[in-house]
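Novice: I'd like to go over a predicted model; first the sequence, then the structure.
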Amino acid sequence: MPRRKSATRGNTVDRSRRLGGRYRLEQVLGHGGMAEVWLAYDLLLFRPVAVKALRPELAADAEHWARFRREVVSTALLGHPSVVAVYDAGEDTIDGHRVPYLVMEYVKGNTLLQFVREARIAGPEHALELTAGVLEALDHAHRHGIVHRDIKPANVMLSHEGTVKVADFGIARSVDRAGTTLTRTSVVVGTAEYLSPEQARGEQVDVRTDLYSTGCLLYELLTGRPPFTGDTPLAVAMKHLSEPPVPPSAHAPQLPAAYDTLVLRALAKDRADRYQTAEDMRDAIGEVLAGRAMAVTSPLPDPPATVRHTQLPPARGPRKEPPVRRRRIRRPLQAMAVLLAAAGGTYVIAGSPALARPGVEAPSLIGETMHQARSSAQAVGVRVQAIRHRECPHPGTPVGRVCEQTPAPGSEVPRHAILRVTLSPGTPHQG
(Lines give C-alpha, C1' and ligand atoms only; values in the text may rest on other atoms or scores of the structure.)
Protein backbone atom coordinates (compact mmCIF):
# COMPACT_ATOMS: atom_id res chain seq x y z
CA MET A 1 0.00 0.00 0.00
CA PRO A 2 1.47 3.43 -0.89
CA ARG A 3 2.23 5.85 1.89
CA ARG A 4 -0.72 8.03 2.83
CA LYS A 5 -0.82 11.32 4.63
CA SER A 6 -1.29 11.48 8.38
CA ALA A 7 -4.82 11.12 9.69
CA THR A 8 -4.50 14.24 11.83
CA ARG A 9 -3.18 17.74 11.35
CA GLY A 10 -2.51 19.20 14.78
CA ASN A 11 -5.79 18.82 16.64
CA THR A 12 -8.01 18.55 13.56
CA VAL A 13 -9.02 15.43 11.73
CA ASP A 14 -8.25 15.08 8.03
CA ARG A 15 -11.73 14.15 6.81
CA SER A 16 -10.36 13.02 3.46
CA ARG A 17 -8.56 10.22 5.31
CA ARG A 18 -10.02 6.77 4.80
CA LEU A 19 -8.63 3.89 6.79
CA GLY A 20 -8.54 0.77 4.67
CA GLY A 21 -10.25 2.78 1.95
CA ARG A 22 -13.53 2.24 3.76
CA TYR A 23 -13.72 4.16 7.04
CA ARG A 24 -13.90 7.94 6.71
CA LEU A 25 -12.63 9.69 9.82
CA GLU A 26 -15.04 12.23 11.28
CA GLN A 27 -14.03 13.22 14.80
CA VAL A 28 -11.44 12.39 17.46
CA LEU A 29 -13.21 10.71 20.38
CA GLY A 30 -10.30 10.15 22.71
CA HIS A 31 -6.59 9.57 23.22
CA GLY A 32 -5.00 6.88 25.34
CA GLY A 33 -1.49 5.90 26.24
CA MET A 34 -1.43 3.30 23.47
CA ALA A 35 -4.15 4.20 20.97
CA GLU A 36 -6.42 6.87 19.55
CA VAL A 37 -10.14 6.45 18.96
CA TRP A 38 -12.02 8.20 16.18
CA LEU A 39 -15.63 8.45 15.19
CA ALA A 40 -15.72 7.27 11.60
CA TYR A 41 -18.27 6.49 8.94
CA ASP A 42 -18.42 3.08 7.28
CA LEU A 43 -18.81 3.87 3.57
CA LEU A 44 -19.76 0.28 2.77
CA LEU A 45 -22.49 -0.32 5.34
CA PHE A 46 -23.50 3.35 5.80
CA ARG A 47 -23.21 3.52 9.58
CA PRO A 48 -21.12 5.33 12.20
CA VAL A 49 -18.38 3.28 13.83
CA ALA A 50 -15.60 3.80 16.35
CA VAL A 51 -12.11 3.17 15.00
CA LYS A 52 -9.28 2.50 17.45
CA ALA A 53 -5.74 2.63 16.06
CA LEU A 54 -2.36 2.11 17.66
CA ARG A 55 -0.52 5.41 17.97
CA PRO A 56 1.91 5.74 15.00
CA GLU A 57 4.91 6.41 17.23
CA LEU A 58 4.30 3.06 18.99
CA ALA A 59 3.75 1.03 15.85
CA ALA A 60 7.45 0.22 15.51
CA ASP A 61 7.51 -1.33 19.00
CA ALA A 62 6.90 -5.06 18.76
CA GLU A 63 5.43 -5.34 22.26
CA HIS A 64 2.84 -2.61 21.71
CA TRP A 65 1.96 -4.10 18.33
CA ALA A 66 1.51 -7.58 19.82
CA ARG A 67 -0.57 -6.23 22.71
CA PHE A 68 -2.89 -4.39 20.35
CA ARG A 69 -3.27 -7.48 18.17
CA ARG A 70 -4.19 -9.51 21.24
CA GLU A 71 -6.91 -7.01 22.02
CA VAL A 72 -8.28 -7.42 18.49
CA VAL A 73 -8.41 -11.20 18.84
CA SER A 74 -9.78 -11.19 22.39
CA THR A 75 -12.59 -8.76 21.65
CA ALA A 76 -13.53 -10.46 18.41
CA LEU A 77 -14.19 -13.69 20.35
CA LEU A 78 -16.94 -12.01 22.34
CA GLY A 79 -20.49 -11.28 21.30
CA HIS A 80 -22.69 -9.95 24.10
CA PRO A 81 -25.05 -6.98 24.54
CA SER A 82 -22.86 -5.67 27.38
CA VAL A 83 -19.61 -5.82 25.39
CA VAL A 84 -18.71 -3.24 22.75
CA ALA A 85 -18.97 -5.20 19.49
CA VAL A 86 -16.09 -5.61 17.04
CA TYR A 87 -16.92 -5.24 13.34
CA ASP A 88 -13.59 -5.31 11.54
CA ALA A 89 -9.81 -5.05 11.87
CA GLY A 90 -7.04 -4.12 9.50
CA GLU A 91 -3.79 -2.24 8.93
CA ASP A 92 -2.97 1.02 7.22
CA THR A 93 -0.02 3.34 6.80
CA ILE A 94 0.10 6.37 9.10
CA ASP A 95 3.14 8.63 9.29
CA GLY A 96 5.18 6.02 7.47
CA HIS A 97 4.32 3.22 9.91
CA ARG A 98 2.14 0.19 9.34
CA VAL A 99 -0.51 0.65 12.02
CA PRO A 100 -3.20 -1.84 13.08
CA TYR A 101 -6.71 -0.58 13.71
CA LEU A 102 -9.87 -2.01 15.22
CA VAL A 103 -13.37 -1.10 14.04
CA MET A 104 -15.98 -1.24 16.80
CA GLU A 105 -19.57 -0.45 17.55
CA TYR A 106 -20.09 3.27 18.12
CA VAL A 107 -21.87 3.65 21.46
CA LYS A 108 -23.81 6.86 21.97
CA GLY A 109 -23.54 7.56 25.65
CA ASN A 110 -21.08 8.39 28.43
CA THR A 111 -18.48 6.52 30.42
CA LEU A 112 -19.16 5.72 34.06
CA LEU A 113 -16.21 7.97 34.89
CA GLN A 114 -18.18 10.88 33.43
CA PHE A 115 -21.20 9.85 35.47
CA VAL A 116 -19.10 9.87 38.65
CA ARG A 117 -17.47 13.22 37.90
CA GLU A 118 -20.80 14.82 37.09
CA ALA A 119 -22.52 13.23 40.12
CA ARG A 120 -25.06 11.51 37.87
CA ILE A 121 -25.23 8.21 39.75
CA ALA A 122 -28.84 8.15 40.94
CA GLY A 123 -28.22 6.55 44.33
CA PRO A 124 -26.66 3.31 45.61
CA GLU A 125 -29.18 1.04 43.90
CA HIS A 126 -28.31 2.61 40.55
CA ALA A 127 -24.64 1.94 41.30
CA LEU A 128 -25.40 -1.74 41.95
CA GLU A 129 -27.43 -2.05 38.75
CA LEU A 130 -24.62 -0.55 36.68
CA THR A 131 -22.10 -2.89 38.30
CA ALA A 132 -24.34 -5.87 37.58
CA GLY A 133 -24.17 -4.91 33.90
CA VAL A 134 -20.37 -4.90 34.07
CA LEU A 135 -20.46 -8.35 35.64
CA GLU A 136 -22.72 -9.60 32.84
CA ALA A 137 -20.00 -8.71 30.36
CA LEU A 138 -17.25 -10.19 32.54
CA ASP A 139 -19.15 -13.42 33.07
CA HIS A 140 -19.42 -13.82 29.30
CA ALA A 141 -15.73 -13.00 28.80
CA HIS A 142 -14.56 -15.31 31.57
CA ARG A 143 -16.55 -18.19 30.10
CA HIS A 144 -14.56 -17.60 26.90
CA GLY A 145 -11.27 -17.70 28.79
CA ILE A 146 -10.64 -13.95 28.65
CA VAL A 147 -9.65 -11.80 31.62
CA HIS A 148 -10.17 -8.07 31.04
CA ARG A 149 -7.38 -6.87 33.39
CA ASP A 150 -8.30 -3.19 33.17
CA ILE A 151 -11.82 -2.75 34.55
CA LYS A 152 -12.39 0.89 35.58
CA PRO A 153 -15.13 3.50 35.11
CA ALA A 154 -13.38 4.97 32.07
CA ASN A 155 -13.65 1.62 30.27
CA VAL A 156 -17.39 1.19 30.84
CA MET A 157 -20.03 3.08 28.91
CA LEU A 158 -23.73 3.55 29.51
CA SER A 159 -25.59 3.96 26.24
CA HIS A 160 -28.48 6.36 25.79
CA GLU A 161 -30.73 3.27 25.79
CA GLY A 162 -29.52 2.38 29.28
CA THR A 163 -27.28 -0.56 28.33
CA VAL A 164 -23.92 -1.04 30.04
CA LYS A 165 -21.10 -1.58 27.52
CA VAL A 166 -17.64 -2.75 28.57
CA ALA A 167 -14.77 -1.79 26.25
CA ASP A 168 -11.00 -2.26 25.95
CA PHE A 169 -10.74 -6.03 26.38
CA GLY A 170 -7.24 -7.39 26.33
CA ILE A 171 -5.22 -4.19 26.63
CA ALA A 172 -3.22 -5.41 29.63
CA ARG A 173 -2.74 -9.06 28.65
CA SER A 174 1.05 -8.79 28.92
CA VAL A 175 0.83 -8.64 32.74
CA ASP A 176 0.30 -12.40 32.86
CA ARG A 177 3.93 -13.09 32.11
CA ALA A 178 5.96 -14.28 35.05
CA GLY A 179 8.51 -11.81 36.29
CA THR A 180 6.68 -8.64 35.26
CA THR A 181 7.77 -5.90 37.65
CA LEU A 182 5.50 -3.62 39.65
CA THR A 183 6.57 -0.60 37.63
CA ARG A 184 5.98 -2.38 34.35
CA THR A 185 2.62 -3.66 35.54
CA SER A 186 1.54 -0.13 36.41
CA VAL A 187 2.43 0.99 32.91
CA VAL A 188 0.54 -1.86 31.28
CA VAL A 189 -2.62 -1.51 33.35
CA GLY A 190 -2.53 2.26 33.20
CA THR A 191 -4.59 3.11 36.28
CA ALA A 192 -3.23 2.19 39.68
CA GLU A 193 -6.52 2.95 41.51
CA TYR A 194 -8.09 -0.27 40.14
CA LEU A 195 -5.05 -2.54 40.36
CA SER A 196 -5.49 -5.89 42.10
CA PRO A 197 -2.87 -6.99 44.65
CA GLU A 198 -1.73 -9.85 42.39
CA GLN A 199 -1.25 -7.43 39.49
CA ALA A 200 0.78 -5.13 41.73
CA ARG A 201 2.99 -8.09 42.67
CA GLY A 202 3.44 -9.07 39.02
CA GLU A 203 1.76 -12.45 39.56
CA GLN A 204 -0.42 -14.49 37.25
CA VAL A 205 -3.97 -13.16 37.10
CA ASP A 206 -7.31 -14.91 36.78
CA VAL A 207 -11.00 -14.02 36.71
CA ARG A 208 -10.92 -12.93 40.35
CA THR A 209 -8.57 -10.11 39.34
CA ASP A 210 -11.43 -8.58 37.35
CA LEU A 211 -13.73 -8.96 40.35
CA TYR A 212 -11.33 -6.98 42.55
CA SER A 213 -11.23 -4.19 39.96
CA THR A 214 -15.02 -4.34 39.73
CA GLY A 215 -15.11 -3.89 43.51
CA CYS A 216 -12.99 -0.75 43.08
CA LEU A 217 -15.39 0.46 40.39
CA LEU A 218 -18.43 -0.15 42.59
CA TYR A 219 -16.71 1.60 45.50
CA GLU A 220 -16.25 4.68 43.32
CA LEU A 221 -19.83 4.61 42.04
CA LEU A 222 -21.07 4.51 45.64
CA THR A 223 -18.73 7.09 47.16
CA GLY A 224 -17.42 9.23 44.30
CA ARG A 225 -13.83 8.12 44.94
CA PRO A 226 -11.78 4.93 44.49
CA PRO A 227 -10.90 2.90 47.61
CA PHE A 228 -7.22 3.91 47.52
CA THR A 229 -5.59 7.15 46.43
CA GLY A 230 -2.06 8.49 46.71
CA ASP A 231 0.48 10.95 45.36
CA THR A 232 2.01 8.43 42.95
CA PRO A 233 0.86 5.24 41.19
CA LEU A 234 3.41 3.29 43.23
CA ALA A 235 1.97 4.66 46.50
CA VAL A 236 -1.52 3.61 45.42
CA ALA A 237 -0.32 0.16 44.38
CA MET A 238 1.29 -0.35 47.77
CA LYS A 239 -2.03 0.41 49.46
CA HIS A 240 -3.70 -2.27 47.34
CA LEU A 241 -1.05 -4.68 48.60
CA SER A 242 -1.14 -3.97 52.31
CA GLU A 243 -3.78 -1.48 53.48
CA PRO A 244 -7.33 -2.59 54.37
CA PRO A 245 -9.98 -0.55 52.54
CA VAL A 246 -12.18 1.83 54.50
CA PRO A 247 -15.82 0.63 54.20
CA PRO A 248 -17.77 2.68 51.64
CA SER A 249 -20.21 3.76 54.35
CA ALA A 250 -17.38 5.80 55.91
CA HIS A 251 -17.74 8.12 52.91
CA ALA A 252 -21.47 7.58 52.32
CA PRO A 253 -23.08 7.09 55.77
CA GLN A 254 -26.51 6.33 54.31
CA LEU A 255 -25.30 3.01 52.87
CA PRO A 256 -26.72 -0.12 54.54
CA ALA A 257 -24.27 -2.59 56.07
CA ALA A 258 -24.90 -5.06 53.24
CA TYR A 259 -23.22 -2.69 50.80
CA ASP A 260 -20.07 -2.63 52.92
CA THR A 261 -20.05 -6.41 53.09
CA LEU A 262 -20.44 -6.83 49.35
CA VAL A 263 -17.70 -4.33 48.47
CA LEU A 264 -15.23 -5.50 51.13
CA ARG A 265 -15.52 -9.09 49.96
CA ALA A 266 -14.76 -8.03 46.38
CA LEU A 267 -11.73 -6.09 47.69
CA ALA A 268 -10.24 -8.97 49.69
CA LYS A 269 -6.46 -9.08 49.30
CA ASP A 270 -6.49 -12.87 49.10
CA ARG A 271 -8.24 -14.09 45.95
CA ALA A 272 -9.68 -17.04 47.84
CA ASP A 273 -11.68 -14.62 50.01
CA ARG A 274 -13.32 -12.81 47.08
CA TYR A 275 -16.27 -13.83 44.97
CA GLN A 276 -15.00 -16.66 42.82
CA THR A 277 -16.96 -15.87 39.65
CA ALA A 278 -18.65 -12.87 38.08
CA GLU A 279 -21.93 -14.74 38.36
CA ASP A 280 -21.45 -15.12 42.12
CA MET A 281 -20.88 -11.39 42.55
CA ARG A 282 -23.78 -10.49 40.28
CA ASP A 283 -26.09 -12.77 42.23
CA ALA A 284 -24.91 -11.16 45.48
CA ILE A 285 -25.80 -7.76 44.05
CA GLY A 286 -29.23 -9.08 43.14
CA GLU A 287 -29.75 -10.27 46.71
CA VAL A 288 -28.82 -6.86 48.11
CA LEU A 289 -31.20 -5.12 45.70
CA ALA A 290 -33.95 -7.52 46.72
CA GLY A 291 -33.30 -6.82 50.41
CA ARG A 292 -31.86 -10.23 51.29
CA ALA A 293 -28.69 -8.88 52.86
CA MET A 294 -27.63 -12.19 54.41
CA ALA A 295 -27.06 -13.72 50.99
CA VAL A 296 -23.87 -11.73 50.39
CA THR A 297 -22.14 -12.73 53.61
CA SER A 298 -19.58 -15.44 54.15
CA PRO A 299 -20.69 -18.67 55.90
CA LEU A 300 -19.79 -17.58 59.43
CA PRO A 301 -21.54 -18.44 62.70
CA ASP A 302 -23.99 -15.96 64.16
CA PRO A 303 -22.16 -13.24 66.10
CA PRO A 304 -22.70 -12.83 69.84
CA ALA A 305 -24.99 -10.02 70.92
CA THR A 306 -22.06 -7.88 72.06
CA VAL A 307 -20.56 -7.96 68.56
CA ARG A 308 -23.72 -6.97 66.74
CA HIS A 309 -23.43 -3.37 67.85
CA THR A 310 -19.64 -3.04 67.55
CA GLN A 311 -18.34 -0.21 65.37
CA LEU A 312 -15.71 -0.93 62.70
CA PRO A 313 -12.32 0.35 63.90
CA PRO A 314 -11.00 3.44 62.14
CA ALA A 315 -8.94 2.78 58.99
CA ARG A 316 -5.82 4.36 60.46
CA GLY A 317 -5.57 1.72 63.22
CA PRO A 318 -4.27 -1.19 61.13
CA ARG A 319 -1.79 1.05 59.28
CA LYS A 320 0.32 1.34 62.45
CA GLU A 321 0.85 -2.40 62.66
CA PRO A 322 4.06 -3.92 61.23
CA PRO A 323 3.71 -5.84 57.94
CA VAL A 324 3.85 -9.22 59.70
CA ARG A 325 0.74 -8.46 61.73
CA ARG A 326 -1.17 -6.64 59.01
CA ARG A 327 -2.42 -9.82 57.39
CA ARG A 328 -3.62 -11.13 60.75
CA ILE A 329 -5.65 -7.99 61.35
CA ARG A 330 -7.19 -7.76 57.90
CA ARG A 331 -9.28 -10.91 58.20
CA PRO A 332 -10.90 -9.94 61.54
CA LEU A 333 -11.79 -6.58 59.99
CA GLN A 334 -13.48 -8.28 57.06
CA ALA A 335 -15.21 -10.71 59.37
CA MET A 336 -16.44 -7.80 61.49
CA ALA A 337 -17.97 -6.19 58.41
CA VAL A 338 -19.68 -9.47 57.55
CA LEU A 339 -21.08 -9.83 61.04
CA LEU A 340 -22.41 -6.28 61.07
CA ALA A 341 -24.13 -6.86 57.75
CA ALA A 342 -25.62 -10.10 59.01
CA ALA A 343 -27.01 -8.33 62.06
CA GLY A 344 -28.52 -5.64 59.88
CA GLY A 345 -30.28 -8.22 57.71
CA THR A 346 -31.60 -10.46 60.47
CA TYR A 347 -35.11 -9.05 60.34
CA VAL A 348 -35.39 -9.92 56.65
CA ILE A 349 -34.37 -13.53 57.14
CA ALA A 350 -36.67 -13.87 60.13
CA GLY A 351 -39.59 -13.03 57.83
CA SER A 352 -41.32 -10.71 60.23
CA PRO A 353 -44.95 -10.31 59.03
CA ALA A 354 -44.89 -6.65 59.97
CA LEU A 355 -42.06 -6.07 57.50
CA ALA A 356 -43.28 -8.29 54.67
CA ARG A 357 -43.27 -6.59 51.28
CA PRO A 358 -46.58 -6.52 49.38
CA GLY A 359 -46.60 -8.30 46.03
CA VAL A 360 -46.96 -6.54 42.67
CA GLU A 361 -47.75 -7.76 39.18
CA ALA A 362 -44.73 -8.14 36.89
CA PRO A 363 -45.18 -5.85 33.87
CA SER A 364 -44.69 -7.09 30.33
CA LEU A 365 -41.31 -5.91 29.07
CA ILE A 366 -41.21 -7.92 25.84
CA GLY A 367 -40.19 -5.77 22.88
CA GLU A 368 -38.91 -2.87 25.01
CA THR A 369 -35.40 -1.42 25.10
CA MET A 370 -33.52 -1.62 28.40
CA HIS A 371 -34.29 2.04 29.03
CA GLN A 372 -38.00 1.45 28.46
CA ALA A 373 -37.93 -1.75 30.51
CA ARG A 374 -36.33 0.04 33.48
CA SER A 375 -39.01 2.74 33.31
CA SER A 376 -41.81 0.17 33.14
CA ALA A 377 -40.33 -1.77 36.05
CA GLN A 378 -39.79 1.30 38.21
CA ALA A 379 -43.40 2.32 37.67
CA VAL A 380 -44.57 -0.73 39.64
CA GLY A 381 -41.69 -0.85 42.12
CA VAL A 382 -39.46 -3.60 40.68
CA ARG A 383 -36.08 -3.64 38.95
CA VAL A 384 -34.62 -5.05 35.75
CA GLN A 385 -31.36 -6.89 35.17
CA ALA A 386 -30.10 -8.27 31.85
CA ILE A 387 -28.96 -11.91 31.97
CA ARG A 388 -26.34 -13.69 29.90
CA HIS A 389 -26.59 -13.64 26.14
CA ARG A 390 -28.44 -16.63 24.78
CA GLU A 391 -30.84 -17.60 22.03
CA CYS A 392 -34.14 -15.77 22.19
CA PRO A 393 -37.44 -17.65 21.98
CA HIS A 394 -38.66 -14.93 19.59
CA PRO A 395 -35.88 -14.60 16.96
CA GLY A 396 -37.71 -11.80 15.15
CA THR A 397 -37.33 -9.40 18.07
CA PRO A 398 -35.29 -6.33 17.01
CA VAL A 399 -31.71 -6.25 18.24
CA GLY A 400 -31.27 -4.79 21.72
CA ARG A 401 -34.90 -5.29 22.77
CA VAL A 402 -36.28 -7.61 25.43
CA CYS A 403 -37.27 -10.98 23.97
CA GLU A 404 -37.73 -12.93 27.23
CA GLN A 405 -38.29 -12.16 30.90
CA THR A 406 -38.36 -14.03 34.20
CA PRO A 407 -40.74 -14.06 36.06
CA ALA A 408 -43.28 -14.01 33.26
CA PRO A 409 -45.55 -10.98 32.67
CA GLY A 410 -48.49 -10.96 35.06
CA SER A 411 -46.74 -13.03 37.72
CA GLU A 412 -46.98 -11.81 41.31
CA VAL A 413 -43.55 -10.78 42.57
CA PRO A 414 -42.35 -9.02 45.75
CA ARG A 415 -41.93 -5.28 45.58
CA HIS A 416 -38.32 -4.39 44.69
CA ALA A 417 -37.84 -7.83 43.10
CA ILE A 418 -35.53 -8.16 40.10
CA LEU A 419 -36.96 -9.13 36.71
CA ARG A 420 -34.28 -10.79 34.61
CA VAL A 421 -34.53 -10.10 30.90
CA THR A 422 -32.78 -11.36 27.77
CA LEU A 423 -31.90 -8.83 25.08
CA SER A 424 -32.21 -9.93 21.48
CA PRO A 425 -28.91 -10.15 19.55
CA GLY A 426 -30.92 -9.63 16.37
CA THR A 427 -31.12 -11.84 13.32
CA PRO A 428 -28.11 -12.43 11.09
CA HIS A 429 -29.22 -9.93 8.47
CA GLN A 430 -29.34 -7.21 11.13
CA GLY A 431 -25.54 -7.44 11.63
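Specialist: Nice, I can see it.
Novice: tell me the span between the first and last residue of stretch 37-55.
Specialist: Chord length of stretch 37-55, first to last residue, is 10 Å (CA to CA, to the nearest Å).
Novice: give me the mean pLDDT for that stretch.
Specialist: Across stretch 37-55, the average pLDDT comes to 90.
Novice: stretch 424-431 too?
Specialist: Stretch 424-431 comes out at a mean pLDDT of 55.
Novice: again, but for stretch 71-78
Specialist: Mean predicted confidence for stretch 71-78 is 74.
Novice: quick one: average pLDDT of stretch 115-128?
Specialist: 91.
Novice: hey, which helix or strand in this structure has the poorest pLDDT?
Specialist: One helix or strand of the chain scores below all others by mean pLDDT, DSSP states H and E: helix 346-350, with a mean of 27.
Novice: toward the C-terminus, what is the element adjacent to that helix?
Specialist: strand 359-361 (DSSP states H and E).
Novice: quick one: contacts of that next one?
Specialist: 380, 381, 382, 410, 411, 412, 413, 414, 415, 417 (CB atoms under 8 Å, 6 or more residues apart in numbering). In this view, the C-beta of every residue, glycine as well, is placed from N, C-alpha and C.
Novice: same thing but at 10 Å, please
Specialist: 377, 379-382, 409-417 (CB atoms under 10 Å, 6 or more residues apart in numbering).
Novice: over to stretch 226-235?
Specialist: Counting by CB under 10 Å, 6+ apart, 116, 152-153, 182-183, 185-187, 189-195, 200, 215-220, 236-241, 243-248, 251, 263-264, 266-267 sit against stretch 226-235.
Novice: show me what counts as buried in it.
Specialist: 226, 227, 228, 233 (16 or more other CB atoms under 10 Å).
Novice: just flag the most distant two among the residues you listed.
Specialist: 227 and 233 (14.9 Å; CB to CB).
Novice: quick one, what contacts residue 217?
Specialist: 112-113, 116, 127, 130-131, 134, 151-156, 193-194, 226, 266 are the contacts of residue 217 under CB under 10 Å, 6+ apart.
Novice: doesn't it belong to a strand?
Specialist: No. Membership of residue 217 in a strand is not supported by DSSP: H, G, I helix; E, B strand; the rest coil, which gives helix.
Novice: please tell me how far it sits from residue 382.
Specialist: Noted for residue 217: a distance of 25 Å to residue 382, by CB to CB, to the nearest Å.
Novice: residue 97 now?
Specialist: 54 Å.
Novice: and those two? Which one has more around it.
Specialist: residue 382 (22 against 17; other CB atoms under 10 Å).
Novice: quick check: chain neighbours aside, which residue is closest to the more buried one?
Specialist: Closest residue to residue 382 apart from its sequence neighbours, by CB to CB, 6 or more residues apart in numbering: residue 417 at 5.1 Å.
Novice: can you pull the pLDDT of the one you found?
Specialist: 74.
Novice: going forward, begin numbering at 513 instead of 1
Specialist: Understood, numbering begins at 513; the last thing we discussed is residue 929.
Novice: wait, doesn't it sit right on residue 875?
Specialist: No. Residue 929 is not in contact with residue 875 according to CB atoms under 10 Å; the separation is 11.7 Å.
Novice: overlap in contacts, these two.
Specialist: Joint contacts of residue 929 and residue 875 (CB under 10 Å, 6+ apart) are 889, 894.
Novice: residue 647 touches residue 660, doesn't it?
Specialist: No. Look at residue 647 against residue 660 with CB under 10 Å: they stay out of range, at 11.2 Å.
Novice: spit out the residues that contact these two alike.
Specialist: 654, 678, 722, 726.
Novice: hmm, back to that, buried ones from the contacts of stretch 738-747, can you make that a ChimeraX selection?
Specialist: Those of these that count as buried under 16+ other CB under 10 Å are selected in ChimeraX with:
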select :628,664,665,694,697,698,701,702,703,704,705,706,707,712,727,728,729,730,731,732,748,749,750,751,752,753,755,756,757,758,759,760,775,776,778,779
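Novice: residues contacting the residue nearest the centre of the chain?
Specialist: Centroid-nearest residue in the chain: residue 646, 3.6 Å away (criterion: CA atoms, centre = their mean). Contact analysis of residue 646 by CB under 10 Å, 6+ apart lists 594, 624, 660, 663, 665, 667-668, 676-678, 722, 725-726, 729-730, 733, 790, 793-794.
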